[in-house]
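Enquirer: Predicted model, plus sequence, below.
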Amino acid sequence: MLKMSDIARHAGVSPTTVSFVLNDGPEGERISEQTRQKVLRAAEELGYRSNHLARAMRTGDTRMLGLLGGRSAEEQVGRMLEGALIAADKEGYTLKLLRLDAIDNSAHQAIRRASELRLMGMIALHLPASILNELHIEAAKYNTPLVVLDAQYEMPDVAQVTSDDVSGIEAGVAHLVALGHSRIAFIGGLTDTLTARKEAFEAAMSRHGLAIETDFIQNSHFRLRETSLAAARALLCRESHLRPTAIFCSGDLIALATLQVAAEVGVRVPHDLSLVGFANLTASEFATPPLTTIEQPFTEMGKVAVETLLGIISSRSNEGSTDGKKSQPFIKRVLPTQLIERASTGRIAR
């Protein structure tokens, strides 16, 4: 087995110098660049490979992060994971994905698993509010840095990364109003994110001086196609003068279901009905007609979540020992959304 002394002899330096260079610690700053390169060349020539596990056991710096939750088969989750992996890899960290069902939907088990894996921090993605609250408590108890990704409700002492849904809703409403629409309906839902978007829609309509008819707000769900179809039918299966002229859907999949219902009942998009989605999933561009939607920067959100978590870890490290409880400052990073105009919206028919 290759030893430090072997590399030292090959490079013509002391074993201590080799240790300082290869362990990349603060002591290595005293080594000249010429000597450092000599050691690295010798290590490469002899086939040296750094033992990250041994170093992690010795220093506690495993350079491993955890991401809990999220359905990886969903496009928006996949994009956020991509961004998170890019950011983690850039800084030399590994990202471990933890499935919620694999830990019996338990926040306590999640933190216990994080401890077993010696994770340096965790990102929580799309967790139910009850589990997220428990995770917050457990993370504070075990001094585990935590970042909440893509959630629309605030928690004290927890860093959050999300998209600017309020501005996105405002942009969508303003777009429809500019096209002459005033009878605008909304399909939201009962999850925290969909409820927040519904409230943003109501506020945007109020700012434009527009009333919302009593039954023009319907509830659906991101993942439940039948509830989306039912909500769309409730708005479109009525006499033409009672229908909305535009529908703002709180998610692209809901909008795609609404497009299907419109075709079934003979409502032409955008001639009879303008339609706006939210997310800008790939399918929205391939819809007939292509869907106007609000784009969320999912990949960037994943990147920023990792960068925020690493910032917290670094600040704690700079404070000194992590044996005592460290308070985590409240950080909220809100990334901009963007209106993507396509063919599903048009001027109101006169």
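Expert: Thanks, I have the structure now.
Enquirer: Helix or strand next in line after the helix or strand bottoming out on mean pLDDT in the chain, which one?
Expert: When each helix and strand of the chain is scored by mean pLDDT, DSSP states H and E, helix 52-59 comes last, with a mean of 49. Later in the chain than helix 52-59, the nearest helix or strand by DSSP states H and E is strand 64-69.
Enquirer: which element follows that next one toward the C-terminus?
Expert: Downstream of strand 64-69 (by DSSP H and E), the next one is helix 75-90.
Enquirer: Would you mind getting the angle between that next one and strand 64-69?
Expert: 170 degrees (axes from the mean of the first three to the mean of the last three C-alpha atoms, to 10 degrees).
Enquirer: Please write out the alpha-carbon positions of the following helix or strand past helix 75-90 in CSV.
Expert: Taking DSSP H and E as the definition, the helix or strand that follows helix 75-90 towards the C-terminus is strand 94-98. Written as CSV, here are the backbone C-alpha positions of strand 94-98 (Å, rounded to 0.1, in the frame of the first residue of the first chain):
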residue,chain,number,x,y,z
THR,A,94,-21.8,14.6,-2.9
LEU,A,95,-25.6,14.8,-2.8
LYS,A,96,-27.4,11.9,-1.2
LEU,A,97,-31.1,11.5,-2.1
LEU,A,98,-33.4,10.3,0.7
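Enquirer: which residues sit in contact with M120?
Expert: Going by C-beta atoms under 8 Å, 6 or more residues apart in numbering, M120 touches 61-65, 93, 145, 313. Glycine gets a C-beta too; all of them are placed from N, C-alpha and C.
Enquirer: the strands in the stretch 101-250 of the chain, which residues?
Expert: 122-125, 146-149, 159-163, 184-189, 217-220, 246-249 (DSSP state E, counting those that start in this stretch).
Enquirer: right, so the ones you listed: which one is the most enclosed?
Expert: strand 246-249 (a mean of 30; mean count of other C-beta atoms under 10 Å).
Enquirer: residues touching T193, list them.
Expert: Contacts of T193 by C-beta under 8 Å, 6+ apart are 150-152, 165, 250.
Enquirer: Repeat the analysis, applying 6 Å as the threshold.
Expert: Q152 (C-beta atoms under 6 Å, 6 or more residues apart in numbering).
Enquirer: Same question for the one 4 residues further on.
Expert: Contacts for R197 (C-beta under 6 Å, 6+ apart) come out as 165, 169, 188, 250.
Enquirer: Do I have it right that R183 meets A246?
Expert: No: counting by C-beta atoms under 6 Å, A246 is not a contact partner of R183; they are 7.1 Å apart.
Enquirer: How many neighbouring residues does D215 have?
Expert: A total of 12 residues lie near D215 under the criterion other C-beta atoms under 10 Å.
Enquirer: And it, what's its pLDDT?
Expert: The model reports D215 with a pLDDT of 95.
Enquirer: Apart from its neighbours in sequence, what residue is nearest it?
Expert: Nearest residue to D215, sequence neighbours excluded (C-beta to C-beta, 6 or more residues apart in numbering): A234, at 7.2 Å.
Enquirer: What separation is there between that neighbour and S220?
Expert: Distance, A234 to S220, by C-beta to C-beta, to the nearest Å: 10 Å.
Enquirer: do I7 as well
Expert: 63 Å.
Enquirer: same thing with L281?
Expert: Counting by C-beta to C-beta - L281 and S220 are separated by 16 Å.
Enquirer: okay, how far is it across stretch 279-286, tip to tip?
Expert: 14 Å (C-alpha to C-alpha, to the nearest Å).
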